[in-house]
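[1] Turn this into a model:
(chains A, B, C and D)
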Amino acid sequence: MMDFSLEELTVIEGSRYIADYQSVFAGTGLPLLTTLLAQKTHAPHLCFVCETGPISPIVLPTPLSVSDPRLQHRAVRLGSLKEVLGCMLQRGIMDVGFVGGAEIDQYGNINSTVIGNYRRPKVRFPGSGGANDILSHAKRILIITKHEKQRFPEKCHYITSPGYISGADERERIGLTSKRPPITIITRLGIMEINPATGRFRISKLMPGSSVDKILAETGFRPEVPDYIEEVAPPTEFELRVLREEVDPHKLYMKKV
Amino acid sequence: MMDFSLEELTVIEGSRYIADYQSVFAGTGLPLLTTLLAQKTHAPHLCFVCETGPISPIVLPTPLSVSDPRLQHRAVRLGSLKEVLGCMLQRGIMDVGFVGGAEIDQYGNINSTVIGNYRRPKVRFPGSGGANDILSHAKRILIITKHEKQRFPEKCHYITSPGYISGADERERIGLTSKRPPITIITRLGIMEINPATGRFRISKLMPGSSVDKILAETGFRPEVPDYIEEVAPPTEFELRVLREEVDPHKLYMKKV
Amino acid sequence: MQEMQNGSKLMTASEAVKKFVPDGALVGLGGQNVGRCAMAVVHEIVRQQKKNLTICGCNLSINMDMLVGAGLVKRCEGGTGNLEYFGATFCFRRAIQDGVMEMEDYSHLAVISRLIAAEMGIPFMPTKSLLGSDMLVHQAASTGKKFELMDNPWSVGDQVVVVPALSPDVAIIHVQKADEMGNAVIEGFLAHDVELVRAAKHTIVSCEEVVSTDEIRRDAERTNIPYMYVSAVVEQPYGAHPTGAYRYYDYDADHVTQYQKCARAGGEDYRNYLETYILNSTDFYDYLDKVGGIKKMMSLVKNMKTML
Amino acid sequence: MQEMQNGSKLMTASEAVKKFVPDGALVGLGGQNVGRCAMAVVHEIVRQQKKNLTICGCNLSINMDMLVGAGLVKRCEGGTGNLEYFGATFCFRRAIQDGVMEMEDYSHLAVISRLIAAEMGIPFMPTKSLLGSDMLVHQAASTGKKFELMDNPWSVGDQVVVVPALSPDVAIIHVQKADEMGNAVIEGFLAHDVELVRAAKHTIVSCEEVVSTDEIRRDAERTNIPYMYVSAVVEQPYGAHPTGAYRYYDYDADHVTQYQKCARAGGEDYRNYLETYILNSTDFYDYLDKVGGIKKMMSLVKNMKTML
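    Presented below is the predicted three-dimensional model:
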């Protein structure tokens, strides 16, 4: 068995949720690493787009920003926010979108705006950016994040980006473009996915060394727990080598999970 | 006194309604010649735009179409219909727009669509094109046309493009961008302009050899007739020379008025 | 939306029309007047006799007129049928006057607004055009809700028109350069082509030349249409003839005039035109030979070069 | 809208700010994160202490944070304040938490939609974003009607949000090339800059280099912004520093990190930053010398060249 860190496995597992030929909207950091890993392993034809405008760039290591020249390198089109957020995402042709957030609740709603009163918040976060647009319109949502109790409350203090809001049918009822997108959270403890029947998260996989109890202890809401939960497959040698040598050669992100 | 044709004088007189630094929307034919004449005489900095997308081209003689490469030559921007019709015209920054039409009524409404039943017309014309957009949004309208009785009915069979509709305040009432644009018709018989107090045409100038009676005889509606009507100033030698040698050197249009 | 196939989308015009232009399709046409109309693909639609088409666009030109003249169009939806200096679109005019084809009229900006709604994935788009015009009074028999008047919530008494998204089943455009993935570069005016393509469910791009994806990637700001909107790439030099392609060749005023003569006359004359130039041509190269071959094309290229 | 002055619009950043950025202005900022922010003009606003500004845009970055840190901003309206890898926009965060500045939140697409409404001359624009989010529940104290829910007239039960046009008093962007008329060429990503400029009442364009209008006319497809939208052209090499300009120079990660350290600390540290680098600099060249001069700039240029 190879040596690998759980940080590495979150990115490797994340990449497995991306299929070849899909369009993928990702910012920098782990989402970008995950996307690039998928592209360099099993999804060579995926179309990576970045909100500032680059479409299908040949990314150079390692971008620190969506405005980074490393993300613009050899794109087939250097376009605009309107083209990416409007003419792809809202248009309904974005297969996968990555988001993160300070709070993610049991329905997959995300808070990246404030804790406390909106007009005089206790803590101010960056705001939506494109996250609300991704949650509203992408066909599938991926979230790679730390597993901390306060990050997973029963209910977000503020909904920046709508998951299933308060139930399985809510997205459809209020008119969102993507009706029932799979939403998947990947952490060092395990994988949680929205149960389409309830609109709530359920545990779907355990990371090595984790357990349902560990997840429940570190999760503020109570995820659904199915009878059978499989374990996340360990990295292949190929996945690990590509991640370490090609995707994040300078270790700018992998230490940070 | 120089020799000149009335066709030539309509274009020369038309050019006098364009001031330097104005943005001018024109198709091909006499409107283009008029615009280019203004540019090459007293309005060197006017910004000519063409609906297909060219902005401020250095026009080569003689374009036969708004898609003509001669209209695209050395433009500062080769853009799109959206940019010209949306981001300039509807945006409210187009100073002058040229239109024509099969019928022009007493309120400056224009028909370029049908005579007869809309669904089974007696005569089908080309349709609006950008004309409805020009009449709706340009700050000033110029029309150079033949002077024929059936072209100037009391009421158009179909309003493709709104003039003052049925009175001075109608444009404002229905919410058009440009509230009270001057509308000027230039023909071989004379000039008629909208009276802003009534929204109806009144005769403002006579062409050489014309008279109020001649205009009334050739006009289907009854234009207002003020007490004093000046005569259109004859061409200067400079205007004539530029028109003949630079603007329409191959006489592709001047014979057609 | 079409797959994000990264592989080659290169095919012949015949294959592209077979695959992406079914009978009854809502077809969006790019180009304008005598510039950059996708004539090679239009010829193929005539040869394959695709029926009951609805044609949409801003300016509908010789490309539309030919499909109408061939009896393939039940309805047009757009801003104008018009060839300017070269006259009316005569088949279009006749078909409407004879009651064999419908036209639904919008202004050019209203059509653009409808395409923007579709490309942005929203159901409608506001405009301040059309107000006070009879385009809000009359409509074709088969049109459903053509528009809606709405109050501006930010200004009491201010009214706007909203027009519905227009999403063609297939957009057909001609460009100067494309790669085999479908990335496309337009030179000269854009007209409504970019919005049309992003609004459509599929797009056939014909091009003067196929370039490498490397070349596209070296100058990515110039890519007007990225590949995910494109279903088929057809390489056809002079593929816009008798209309022109900026920087490549001028339009062929002689042939446009010849077409217009036949279209104006209609009947036998027009059928002869269709048979001689389209139905009895094996492909667009065959047509190009008939309209003057290399000598003629070189003269159009030369005309263009003197203008650059 | 500004005059269609065809003559030279070249001026210094100081003149441009004096002329087009009054106290209380609604200022739209172009660029994003560490790319193509108009820092030279922002410095000048700080030096001239323009007050009570409202800043709008999609991603509001170090350009916004500096104006907030200098105490010049009463309100922001946009999608996010964020420097990604380099952390939060700390002055922005502190000002909101301390209640000395308002933020009105939209998603990036909602901001773009508002700019499209303004550039198109329509009062509002529909979007399917924001639905189900608290951006439709909470708003800043000084905001009027933030949005309206509307039924889609073409589909019973389908709801859309409409957001109002956003027309800044002045847009401030940095580009690679412009001519003295104001025609501007952007290289690399466009972010929201083109819509922002067309939506604004005036625009200040700073550029890496002024090129001749002849050069613009030779490659007119590359002009992103034609001159009629531009009021002032400021030539300032490295004018985006410490953010980057594609094909010209990389961003300066060291200086961004240094700025962030001061911004995070706030108080004395931040005042020192403003004094050292902006208030006590005579102009942007003076600042460039202080942050490393030619040697530093050449290293950023070299970094960029290895990536082309």
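[2] Ramachandran angles for C:V162?
    Per-residue torsions, C:V162: phi -110, psi 140 (degrees, to the nearest 10).
[3] Which parts of the chain are strands?
    Here I'm looking at chain A. Assigned by DSSP state E, chain A shows strands spanning A:23-25, A:47-49, A:54-55, A:77-78, A:96-98, A:103-104, A:110-111, A:114-116, A:121-124, A:141-144, A:183-186, A:190-195, A:200-206, A:230-231.
[4] wait, I meant chain C there
    Using DSSP E, the strands of chain C run over residues C:26-29, C:53-60, C:73-81, C:102-105, C:124-127, C:148-151, C:159-164, C:170-178, C:184-185, C:202-210, C:232-235.
[5] Just give the closest residue to residue 51, not the sequence neighbours.
    In the absence of a named chain, chain A is used. Leaving aside its sequence neighbours, A:E51 sits nearest to A:G130 (C-beta to C-beta, 6 or more residues apart in numbering or on different chains; 4.7 Å). The C-beta positions use only the backbone N, C-alpha and C, and glycine is treated the same way.
[6] that's the wrong chain, I wanted chain C
    Leaving aside its sequence neighbours, C:K51 sits nearest to C:D23 (C-beta to C-beta, 6+ apart; 4.7 Å).
[7] Write out the residues of chain C neighbouring chain D.
    C:113, C:116-117, C:120-128, C:144-145, C:148, C:150, C:152-155, C:158, C:160, C:162, C:164, C:186-188, C:221-222 (C-beta under 8 Å from any C-beta of the partner chain).
[8] filter those residues to the buried ones?
    By neighbour count, with 16 or more other C-beta atoms under 10 Å in any protein chain shown, the residues of chain C next to chain D hold C:113, C:116-117, C:120-128, C:148, C:150, C:152-153, C:160, C:162, C:164, C:186-188, C:221-222 as buried.
[9] now the residue in the stretch 101-250 of chain A that chain B sits nearest to: how far from B:E83?
    Relative to chain B, the nearest point of the stretch 101-250 of chain A is A:D133 (21.8 Å; C-beta to the nearest C-beta). For A:D133, the distance to B:E83 equals 24 Å [C-beta to C-beta, to the nearest Å].
[10] Comparing the two, which shows the higher neighbour count?
    A count of neighbours by other C-beta atoms under 10 Å in any protein chain shown puts A:D133 above the other of A:D133 and B:E83, at 33 against 23.
[11] Quick one: residues contacting the more buried one.
    For A:D133, the contact set (C-beta atoms under 8 Å, 6 or more residues apart in numbering or on different chains) comprises A:L85, A:L89, A:Q90, D:S107, D:H108, D:L109, D:A110, D:S129.
[12] Which two of those have the greatest separation?
    Spatial extent of the contacts of A:D133 (C-beta to C-beta) is set by the pair A:L89 and D:A110 at 12.3 Å.
[13] burial count for the residue of chain A found nearest chain B?
    Residue of chain A nearest chain B, by C-beta to the nearest C-beta: A:K82 (11.5 Å). Around A:K82 there are 25 other residues, counting by other C-beta under 10 Å.
[14] returning to what we had before: what is the nearest of the contacts of A:D133 to chain C?
    Nearest member of the contacts of A:D133 to chain C, counting by C-beta to the nearest C-beta, is A:Q90, at 3.9 Å.
[15] any chance of the strands of chain C in JSON lines, with mean pLDDT and distance to chain A too?
    Output for those, formatted as JSON lines (pLDDT from 0 to 100; distance: least, C-beta to the nearest C-beta, whole Å):
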{"stretch": "strand C:26-29", "mean pLDDT": "98", "distance to chain A": "15"}
{"stretch": "strand C:53-60", "mean pLDDT": "98", "distance to chain A": "18"}
{"stretch": "strand C:73-81", "mean pLDDT": "98", "distance to chain A": "21"}
{"stretch": "strand C:102-105", "mean pLDDT": "98", "distance to chain A": "24"}
{"stretch": "strand C:124-127", "mean pLDDT": "98", "distance to chain A": "12"}
{"stretch": "strand C:148-151", "mean pLDDT": "96", "distance to chain A": "17"}
{"stretch": "strand C:159-164", "mean pLDDT": "97", "distance to chain A": "16"}
{"stretch": "strand C:170-178", "mean pLDDT": "98", "distance to chain A": "11"}
{"stretch": "strand C:184-185", "mean pLDDT": "98", "distance to chain A": "10"}
{"stretch": "strand C:202-210", "mean pLDDT": "98", "distance to chain A": "12"}
{"stretch": "strand C:232-235", "mean pLDDT": "98", "distance to chain A": "13"}
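[16] Redo those as a markdown table? Include distance to chain B.
    Converted to a markdown table, those look like this (distance: least, C-beta to the nearest C-beta, whole Å):
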| stretch | distance to chain B |
| --- | --- |
| strand C:26-29 | 13 |
| strand C:53-60 | 6 |
| strand C:73-81 | 4 |
| strand C:102-105 | 5 |
| strand C:124-127 | 7 |
| strand C:148-151 | 9 |
| strand C:159-164 | 4 |
| strand C:170-178 | 12 |
| strand C:184-185 | 12 |
| strand C:202-210 | 14 |
| strand C:232-235 | 21 |
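[17] State the distance from C:S281 to C:L288.
    9 Å.
[18] Could you do C:P242 as well?
    As judged by C-beta to C-beta, C:P242 and C:L288 stand 10 Å apart.
[19] And A:A75, by the same measure?
    Per C-beta to C-beta, A:A75 is found 35 Å from C:L288.
[20] Those two - which one has more neighbours?
    A:A75 (26 against 20).
[21] Could you list which residues are in contact with that one?
    For A:A75, the contact set (C-beta under 8 Å, 6+ apart) comprises A:P54, A:I55, A:S56, A:P57, A:I58, C:R217, C:A220.
[22] re earlier: now the strands of chain A in TSV, with distance to C:H43?
    Output for the strands of chain A, formatted as TSV (distance: least, C-beta to C-beta, whole Å):
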stretch	distance to C:H43
strand A:23-25	34
strand A:47-49	32
strand A:54-55	32
strand A:77-78	30
strand A:96-98	40
strand A:103-104	56
strand A:110-111	52
strand A:114-116	61
strand A:121-124	61
strand A:141-144	46
strand A:183-186	49
strand A:190-195	51
strand A:200-206	54
strand A:230-231	57
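[23] Relative to A:I159, which of those is closest?
    strand A:110-111 (6.6 Å).
[24] what about that closest one, average pLDDT?
    In this model, strand A:110-111 has a mean pLDDT of 98.
[25] residues in contact with it?
    For strand A:110-111, the surrounding residues in contact (C-beta under 8 Å, 6+ apart) are A:99-105, A:125, A:131, A:135, A:143, A:156-161, A:163.
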